[in-house]
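Q: Give me the fold of what follows.
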Amino acid sequence: NFWFASIMACIISHSLVMQASVTGPRRLLADVQEAIETGVMPKSLVAVFNEEQGFEAIVSLCLTAYSFTYTITGYFAFFTGVASMLSSIHGISVFTLATYRFQPDPEEREDGTSTTLLPSANTSYVE
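A: Numbering: from 1, shown residues only. So this is what the prediction gives:
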């Protein structure tokens, strides 16, 4: 259980450490304060959340699913593991839907039955 907890701690801190190394911890804290004051997240803070949802959720789900049979010692551990996996699945779903959207492909068919995975044009950032 110690190794699973250590790996999970590294996974969780990965996105925060990577962003803090790029922008610096003071800038990251200033961006959080700006988001609280204005209600709009700066681009660098959105990048932290995208990194978290795109990397942390996937790796956490894989590790939790792998370790699930080894770490279940009672009802609380079971429900905590299930909640962790559901949270990871939700994060992956939100990231995927925010990054990609399904649209009709007008070049192939005019009836709209064909769909293509395209990058979302709705994403807006604040510099």
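Q: For the strand or helix carrying Val32, which helices and strands make contact with it?
A: Element membership for Val32 (DSSP states H and E) is helix 25-38. The helices and strands touching helix 25-38, judged by 3 or more CB pairs under 8 Å, 6 or more residues apart in numbering; DSSP states H and E, are helix 2-23, helix 43-51. Bear in mind the C-beta positions are built from the backbone N, C-alpha and C, glycine included.
Q: With mean pLDDT, mean neighbour count and distance to Ala98 added, can I get those helices in CSV?
A: Shown next, in CSV, are the helices and strands packed on helix 25-38 (pLDDT from 0 to 100; neighbours: other CB atoms under 10 Å; distance: least, CB to CB, whole Å):
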stretch, mean pLDDT, mean neighbour count, distance to Ala98
helix 2-23, 78, 14, 16
helix 43-51, 77, 17, 8
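Q: for those helices, which one sits closest to Ala77?
A: Among these, helix 2-23 comes nearest to Ala77, with 11.6 Å by CB to CB.
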